[in-house]
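> What shape does this take:
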Amino acid sequence: MLVRNPEVKPLPSFTGENPGLPQSYEVPTSSLRVTLLALVGVLSTTGVGAAQQARAIGAEDALATALAASPELRAVVLDAVAARAATRAAEDARAPVVTASANGSFTESFSGTADGAVRNDARALNAAVGLAWTSDVGTVVGLDLATGASWRTVNRDPSTTTSFTIGPNYTGSLTLSARQPILRGAGRDVVRAAEREAAATERQSVESRDAQASAIVRDVLVAYWELWYAERALDVQREAVALATRQADDARERVALGTLANAERLQFASTLAGLRETERSAQATRRQRAVELARLLGVDPDALATATDAPTSPTPPSLDALVAQASEQAPELRSLEAAVEAARQRVVSARDASRARLDFVGRAGMVTLWADDTLPGLQLPDGRPGFVVSGGLELELPVGSSAADAQHTRAQAQLEAAEARLEVAQRDLRASLATAYETTADARDRIALAAEAAEVAEELAEAERGRLELGTTTPADLVAAQQDARAAELRRLRTVVDAVTNARRLEDAAGALLDRFALRASIERAGEER
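Sure, this is the predicted structure:
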């Protein structure tokens, strides 16, 4: 007699407060968070080692092990970290810059006089500090403060070789300069285009990370329940072989007693041979499923065995709710939206680079000079420093077509291509979700029907067994009834697994799978810990 698995109980439906997440299939997310925080840096192998022990694991254990061992997830987490650093670099590109310098010099030269050559020398010490900054509208502002001291020994009278020492003289200057782009490089949109492109690229990387993580969760759960089904199917085949073996032995004894024809014994023997072949095929299938799950977990397939609890099938929300949720949360869609924004900012930068450069340049400052033997008390001629003021325009025009024009055309084409890909994804979203939704609902609705069919088939097999004992039926009818019971039980198991795996695929497509297991924030923290 076939041993039935525990009855499948559907999960509670989605609540009104959060229609996007079913309140079911609770997972110890704290262990998952701890695992994910170790993804970047020194990867923790505790979960992997535990999974390599020959013991049954639950779906949540398999999921935690896979997330810790996945190089794909580690790669996309690090890609997001790199993108975040690129955003910071773009934001800090216009940070104020302080410059400072200090230098000294000593120079000798010769000059001719009526009495011969004379040696002159000059000595100087200089120091300067400056501050440069670029505003949001492209204005480049510079403020420079400089000071110095100089001494000179020179010949003032060419009729003699007499030299005079001049100094020390002390100088000081304060200069404010500005460059305001009028065409190329002017405007807040142009100046901040690189920052916005980097931010969009970071969002694209983050969404790609979430999409990869969701795909890993989906693949692990699907592989886990496929292995669960393969193990249960193998159990069914083993029970069938054991039953057929007992029936074949009983038939041989009855043939020896002369109460059963040899032809009817052969019916049982033929059935046993076929079941042994089917059992071997089930063993191979179970091994294949174990290898696939072991690949995702990074463990030995011989160490894998699933828990005996049957999966539960969640009740999905309405299709409209799923489409609305996917429009806001689906990582693939949000990644394409970020790609469009990044392409749009590249167009802004490329269009600006193709324009002529016309800048207004202005400079204003003041200078002073003091000598140690004149103007005591830092007095200046006319009581004020000297002023320096200048201003003008600078124009730069390419002769003929330039590389910037080609780059602008390229960026515009890339933007239109990104928009087209986003349009296709948005248009296909509802159709793909509708297909996945119907597949999930069909599998879930068939669970009760398959369970009823398996129960009836099992009762029929029991009835045929009783009739055979009474001599009112034939072994062929009993064998056929038992085969129908096995097939019905396998269909029931297959329907149970299809319901849960299709539900996980649907949640992945709608962007809800990470939220179901509370993994989105955990993965984000894993990147921040880097």
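> pretty sure Ser111 is in a strand, no?
Yes. Under DSSP: H, G, I helix; E, B strand; the rest coil, Ser111 falls within a strand.
> Any idea how many residues pack against it?
For Ser111, the tally of surrounding residues (other C-beta atoms under 10 Å) stands at 13. Every residue, glycine included, has its C-beta placed from N, CA and C.
> Which pLDDT value belongs to it?
In this model, Ser111 is scored at 85, pLDDT.
> Am I right that it is in contact with Asn120?
Yes. Between Ser111 and Asn120 there is a contact under C-beta atoms under 8 Å: 5.9 Å.
> shared neighbours of these two, which are they?
Applying C-beta atoms under 8 Å, 6 or more residues apart in numbering, one finds that Ser111 and Asn120 are jointly contacted by 154-155.
> can you pull out the helices in the stretch 251-400 of the chain?
262-297, 319-329, 331-353 (DSSP state H, counting those that start in this stretch).
> Against which helices or strands is the longest one packed?
What that stands for is helix 262-297. Secondary-structure packing of helix 262-297 (3 or more C-beta pairs under 8 Å, 6 or more residues apart in numbering; DSSP states H and E): helix 59-69, helix 193-257, strand 304-306, helix 475-510.
> With distance to Ala86, mean pLDDT and mean neighbour count as added columns, please give these in TSV.
Shown next, in TSV, are these (distance: least, C-beta to C-beta, whole Å; pLDDT from 0 to 100; neighbours: other C-beta atoms under 10 Å):
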stretch	distance to Ala86	mean pLDDT	mean neighbour count
helix 59-69	25	87	24
helix 193-257	5	90	20
strand 304-306	40	86	21
helix 475-510	28	88	22
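> For Asp320, find the nearest of these.
Among the helices and strands packed on helix 262-297, the nearest to Asp320 by C-beta to C-beta is helix 475-510 (11.7 Å).
> Quick check: what element follows the closest one along the chain?
helix 513-516 (DSSP states H and E).
> Give the bridge partners for the residue lying closest to Asn103 once chain neighbours are set aside, please.
Closest residue in space to Asn103, ignoring its immediate chain neighbours: Asn126 at 5.5 Å, by C-beta to C-beta, 6 or more residues apart in numbering. Following DSSP bridges, Asn126 is listed with bridge partners Asn103, Gly148.
> ok, Asn126 - contacts?
101-104, 146-148.
> Where do the domain boundaries of the protein fall?
42-69+196-308+319-341+410-528, 96-195+357-402 (automatic domain parsing).
> where in the stretch 351-500 of the chain is pLDDT low?
Across the stretch 351-500 of the chain, residues meeting the criterion (pLDDT under 70) sit at 372-379, 381.
> ok, 90 please
Low-confidence segments of the stretch 351-500 of the chain, defined by pLDDT under 90: 368-386, 397-404, 426-432, 440, 443-448, 450-452, 454-487.
> Strands of that one, start to end?
357-371, 386-396 (DSSP state E, counting those that start in this stretch).
> any idea which of those is most buried?
strand 357-371 (a mean of 16; mean count of other C-beta atoms under 10 Å).
> what's that strand packed up against?
Looks like strand 357-371 contacts strand 164-181, strand 386-396 (3+ C-beta pairs under 8 Å, 6+ apart).
> Quick one: list the elements packing against the longest one.
Strand 164-181 sits against strand 140-154, strand 357-371, with contacts defined as 3+ C-beta pairs under 8 Å, 6+ apart.
> Keeping just the C-alphas, turn the last one into CSV.
Only the C-alpha atoms of strand 357-371 are listed here, as CSV (Å, rounded to 0.1, in the frame of the first residue of the first chain):
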residue,chain,number,x,y,z
ARG,A,357,33.5,77.3,-25.8
LEU,A,358,32.9,81.0,-24.9
ASP,A,359,34.1,82.0,-21.5
PHE,A,360,34.1,85.3,-19.7
VAL,A,361,37.4,85.6,-17.7
GLY,A,362,37.9,88.2,-15.1
ARG,A,363,40.6,89.0,-12.6
ALA,A,364,40.9,91.5,-9.8
GLY,A,365,43.5,92.0,-7.1
MET,A,366,45.9,94.2,-5.2
VAL,A,367,49.6,94.3,-4.6
THR,A,368,51.9,95.8,-2.1
LEU,A,369,55.6,96.4,-1.5
TRP,A,370,57.5,97.4,1.6
ALA,A,371,61.2,98.1,2.1
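> Next, the buried residues of the helix or strand containing Arg88.
Using DSSP H and E, Arg88 sits within helix 71-91. For helix 71-91, the neighbour count (16 or more other C-beta atoms under 10 Å) marks 73-74, 76-81, 83-84, 86-87, 90 as buried.
> want to throw those into TSV with pLDDT and distance to Thr473?
Output for the buried residues of helix 71-91, formatted as TSV (pLDDT from 0 to 100; distance: C-beta to C-beta, whole Å):
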residue	pLDDT	distance to Thr473
Leu73	86	58
Arg74	87	62
Val76	87	62
Val77	87	64
Leu78	89	68
Asp79	89	67
Ala80	89	67
Val81	90	71
Ala83	91	72
Arg84	90	73
Ala86	92	77
Thr87	91	77
Ala90	91	82
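> what's the closest of those to Thr245?
Distances from Thr245 to the buried residues of helix 71-91, taken as C-beta to C-beta, are shortest for Leu73 (47.2 Å).
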